[in-house]
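Asker: give me a 3D structure for the following:
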Amino acid sequence: MDILFYGFIVFLFAAIILGIEGVYLWWVNTHGASAQRIARRLQLMSGHQGKNAERISILKLRRFGRHALTERLLQRARFAHRIDRLLVQAGMGWSVEHFLLCSGVVAVLAGYLVLQWPMPLPVPVLVRVALVLLCAFVPLLLVRRARLRRLARIEEQLPDAADFIARALRAGHSFSNVLQIVGNELPEPLSGEFRIAREEINYGVPLGEALHNMASRIPLTDLRYLVIAILIQRETGGNLAEILSNISHIIRGRLRLAAQVRVLSAEGRMSAWILGLLPFAVGAMLVLVNPTYIMVLWTDPAGVKLLWTALVMIIVGVIWLKRMIRIRI
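Answerer: All right, here's what the predicted structure looks like:
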């Protein structure tokens, strides 16, 4: 009797487990994420797009993080997409997670060093917080600097790329082959962007969309002119080689004029740097030479007001000088 009872208990337990597993598998296969994704793709392929229909891209999407939870959280954040776009334009292989981790590490190290720095209270609390925030933005400033330098190199390479494409078209090559030749012959970083566009076309992306993607990765007005000229020529016809030669001539003239403006405004830019950094350099020198003399600025209420007034005036002066010497061409 005991054997039959225990056997019944074992089989009942196994039946319950198998039943739960069967319900789970049925739910996953009919209502799971994979099943819903397959259903959406089949619906789009059949031509019946519902209200929530989405455009499926055949291109590999950039990952914001190495872990699934981090990836989901960052994909929902709008600032993460802006950071990723900035990293792509800078040509850096970092992910958003790596960038945020570096910023956090820099902020923690800066906070530790600032706490170890003996400063009188209570005003230095705000100064310490400001220093930590400034250090946290250092990776962002480095990425933006790398982006500006990369875009400047690409802008210098654009006239040669336009002439190269024009000569290849006159030689009888198709535009798709010209993209491959440009990607192999021209120096970086512009050649890498043309290789990416060529690979997208090989994967089945339309030519117009591939060129628009390249223009979004390289936010330069000259490149947009180049892309617009190519797309208009494919729609209306015409001599694309001659159009590209004219665009190359225009880009070279604009770069030449920009160089002349940069030379003429060098004195103003140097004045802005000197006037902006001189007060901080003098203050740091006085802290090292005679700290008790300058300590009155943040221990006395009148000195605190003078510091804030001087800081606001410096910021306003630097912004004003920057607007005066910035000439858009």
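
Asker: where do the strands sit along the stretch 151-300 of the chain?
Answerer: Listed from the start of the chain, the stretch 151-300 of the chain has no strands (DSSP state E, counting those that start in this stretch) to report.

Asker: low-confidence ranges in it?
Answerer: When the per-residue scores of the stretch 151-300 of the chain are filtered using pLDDT under 70, no range remains.

Asker: now with 90?
Answerer: 151-152, 154-300 (pLDDT under 90).

Asker: in it, which spans are helices?
Answerer: When assigned using DSSP state H, counting those that start in this stretch, the helices of the stretch 151-300 of the chain occupy the ranges 175-185, 190-202, 207-217, 221-236, 240-264, 266-289, 291-294, 296-299.

Asker: buried residues in the fourth one, which are they?
Answerer: If you call a residue buried by 16 or more other C-beta atoms under 10 Å, then helix 221-236 has these buried ones: 222-227, 229-230, 233. C-betas here are computed from N, CA, C, even on glycine.

Asker: which two of these have the greatest separation?
Answerer: Asp222 and Gln233 (16.8 Å; C-beta to C-beta).

Asker: related to what we said a few turns ago, make TSV out of the buried residues of helix 221-236 and add distance to Arg66.
Answerer: Rendered in TSV, the data for the buried residues of helix 221-236 read as follows (distance: C-beta to C-beta, whole Å):
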residue	distance to Arg66
Asp222	36
Leu223	32
Arg224	34
Tyr225	39
Leu226	36
Val227	34
Ala229	41
Ile230	38
Gln233	43
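
Asker: which one of these is nearest Glu193?
Answerer: Using C-beta to C-beta, the shortest approach to Glu193 within the buried residues of helix 221-236 belongs to Leu223, at 8.8 Å.

Asker: ok, that closest one touching Asn213?
Answerer: No: with contact defined as C-beta atoms under 8 Å, Leu223 does not reach Asn213; the gap is 11.8 Å.

Asker: does the residue nearest the centre of the chain belong to a helix, a strand or coil?
Answerer: The geometric centre of the chain, computed from its C-alpha atoms, lies nearest to Leu86 (C-alpha atoms, centre = their mean), at 1.3 Å. Secondary structure state of Leu86, per DSSP: H, G, I helix; E, B strand; the rest coil, is helix.

Asker: excluding sequence neighbours, find me the nearest residue to it.
Answerer: In space, Leu86 comes closest to Val143 once its chain neighbours are excluded; the distance is 5.9 Å by C-beta to C-beta, 6 or more residues apart in numbering.

Asker: ok, back up a step: check contacts around the residue nearest to the centre of the chain.
Answerer: Counting by C-beta atoms under 8 Å, 6 or more residues apart in numbering, Leu86 makes contact with 143-144, 147.

Asker: ok, now Pro187?
Answerer: Gln157.

Asker: what about the stretch 1-150 of the chain, any weak spots by pLDDT?
Answerer: Judged by pLDDT under 90, the stretches of the stretch 1-150 of the chain that qualify are 1-142.

Asker: repeat that with 70
Answerer: Along the stretch 1-150 of the chain, segments meeting pLDDT under 70 span 1-8, 10, 31-61, 117-127.

Asker: what segments of it are helices?
Answerer: According to DSSP H, counting those that start in this stretch, the helices that the stretch 1-150 of the chain contains are 2-31, 33-46, 68-76, 78-90, 96-116, 124-136, 138-170.

Asker: just put the ones you listed in JSON lines and tack on distance to Ile181.
Answerer: Formatted as JSON lines, the helices of the stretch 1-150 of the chain follow (distance: least, C-beta to C-beta, whole Å):
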{"stretch": "helix 2-31", "distance to Ile181": "49"}
{"stretch": "helix 33-46", "distance to Ile181": "35"}
{"stretch": "helix 68-76", "distance to Ile181": "37"}
{"stretch": "helix 78-90", "distance to Ile181": "24"}
{"stretch": "helix 96-116", "distance to Ile181": "34"}
{"stretch": "helix 124-136", "distance to Ile181": "44"}
{"stretch": "helix 138-170", "distance to Ile181": "6"}
